[in-house]
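> would you be able to build a 3D model of this:
(one chain, ligands or ions: 1)
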Amino acid sequence: MTQTPENIGHRIEILDPRFTALRISSAQLERLWTGGRWVEGPVYFGDGKYLLFSDIPNNRILRFDETDGQVSVWRAPSNNSNGQTRDRQGRLVTCEHLSRQVTRTEYDGTRTVLADQFDGKRLNSPNDVVVAADGAVWFTDPTYGIDGDYEGDFAVSEIGNSNLYRVDPGTGAVQIACGDLVQPNGLAFSADGLQLFVSDTGASHVDNGPRHIRRFDVDGATLRGGEVFSVCAAGVYDGFRVDMQGNIWASAADGVHCISPDGDLIGKVLVPETVSNVCFGGPKRNRLYITGTTSLYSTYVGVCGLPYF
Ligand code: MG
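Prediction:
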């Protein structure tokens with residue numbers, strides 16, 4: 001699929017002077033590709049100069065080639081894959097709605113199941129995932145993929161709750177890391193790995209439900225704290241990533257929100273479609289890839305993403 005990038009324009013909103021140095025005054029937002037139904041799960045491969053992203057209802061993973069701008073189908077069917085990352089060995093880790101699994105793609109292309117149940121009950125529909133420095137896989141398990149037949153298969157939750165889980169790197173055991181979230185969604189570690197940020201998009205299911213990111217202190221396999229770090233000012237925070245200066249770049253209804261390390265909304269990249277997730281890429285990790293409803297966008301920013309995925 002060949003598409004010429006469409007220039008959407010300079011779509012920056014500065015809400016705080018701290019954002020001025022984080023945006024590039026001449027940078028344009030570009031629509032790199034369109035034609036999906038609900039795209040999510042961007043993950044960057046600097047070694048291959050490409051980005052993978054999920055097109056959930058279309059049951060495929062797409063591949064944007066940074067060298068020539070081509071988009072091709074990388075995996076189909078994809079088990080309605082959603083959020084993705086890479087582990088510290090560079091292997092792809094994928095949340096799958098249809099199979100209700102978290103999987104790892106090995107170097108030879110085979111899939112290994114990392115998690116598919118808790119306490120003998122099937123997971124709901126893993127949504128997003130990060131891998132800690134110790135190899136532990138942390139993932140969220142809301143119900144979006146079993147709520148209907150559009151992004152997976154309809155099913156009633158066997159577990160009866162939407163939890164954040166941790167897969168132990170030694171034993172492979174799946175344990176609840178946090179059970180008091182309504183619909184846990186995106187997640188990311190701080191640069192030092194000592195804090196974990198988790199979004200809760202429970203407002204989709206509960207009147208006046210959460211639309212915020214919580215911040216936890218990480219103590220090995222245990223989380224402490226969990227205070228509300230930032231409340232979304234437009235829609236909900238779905239997926240997000242952290243930059244080298246500790247700012248969070250989070251998806252929202254009107255674009256990408258940049259949140260300072262102390263939780264202030266300091267600026268936005270306005271996007272014409274609701275944004276689901278973001279990912280840093282490019283040789284310097286200063287290219288912000290944005291998955292937004294039907295399209296893949298990118299822009300350059302004045303800061304680099306953390307050197308993991
Ligand atoms: Mg998500």
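> what separates residue 145 from the ion, distance-wise?
10 Å (Cβ to the ion, to the nearest Å). Every C-beta, even on glycine, is put in place using the N, C-alpha and C of the backbone.
> need the residue closest to the centroid of the protein.
residue 239 (3.6 Å; Cα atoms, centre = their mean).
> so what pLDDT did that one get?
Looking at residue 239, its pLDDT stands at 98.
> so what's it closest to, chain neighbours aside?
If the residues on either side of it in the chain are set aside, residue 239 comes closest to residue 277, at 3.0 Å by Cβ to Cβ, 6 or more residues apart in numbering.
> number of nearby residues for the one you found?
By other Cβ atoms under 10 Å, 29 other residues sit near residue 277.
> looks like it contacts residue 251 (just checking).
Yes. Using Cβ atoms under 8 Å, residue 277 is in contact with residue 251, at 5.4 Å.
> and the spatially closest residue to residue 161 that is not a sequence neighbour, how far from residue 202?
Excluding the flanking residues, the one nearest residue 161 by Cβ to Cβ, 6+ apart is residue 179, at 6.2 Å. Here residue 179 is placed at a distance of 13 Å from residue 202 (Cβ to Cβ, to the nearest Å).
> all strands of the stretch 151-300 of the chain, in order?
164-167, 174-178, 184-189, 195-200, 212-219, 222-231, 240-242, 248-252, 255-259, 265-270, 277-281, 287-292, 295-300 (DSSP state E, counting those that start in this stretch).
> out of the ones you listed, which gets nearest to the ion?
strand 184-189 (4.5 Å; Cβ to the ion).
> circling back to that earlier point, format the strands of the stretch 151-300 of the chain as CSV; extra columns: distance to the ion.
CSV is the format used below for the strands of the stretch 151-300 of the chain (distance: least, Cβ to the ion, whole Å):
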stretch, distance to the ion
strand 164-167, 13
strand 174-178, 16
strand 184-189, 4
strand 195-200, 8
strand 212-219, 12
strand 222-231, 16
strand 240-242, 9
strand 248-252, 8
strand 255-259, 14
strand 265-270, 18
strand 277-281, 6
strand 287-292, 10
strand 295-300, 16
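> next, format those strands as CSV and append distance to residue 75.
Listed next are the strands of the stretch 151-300 of the chain as CSV, based on distance: least, Cβ to Cβ, whole Å:
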stretch, distance to residue 75
strand 164-167, 22
strand 174-178, 24
strand 184-189, 22
strand 195-200, 26
strand 212-219, 30
strand 222-231, 32
strand 240-242, 22
strand 248-252, 23
strand 255-259, 26
strand 265-270, 28
strand 277-281, 17
strand 287-292, 16
strand 295-300, 16
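> out of these, nearest to residue 137?
When these are compared by Cβ to Cβ, strand 164-167 sits nearest residue 137, at 4.1 Å.
> how many neighbouring residues does the residue nearest to residue 161 have?
Using other Cβ under 10 Å: residue 179 sits among 12 other residues.
> so what's the residue count around the nearest residue to residue 135 once chain neighbours are set aside?
Among residues not flanking residue 135 along the chain, residue 169 sits closest, at 3.4 Å (Cβ to Cβ, 6+ apart). Neighbour count of residue 169, defined by other Cβ under 10 Å: 17.
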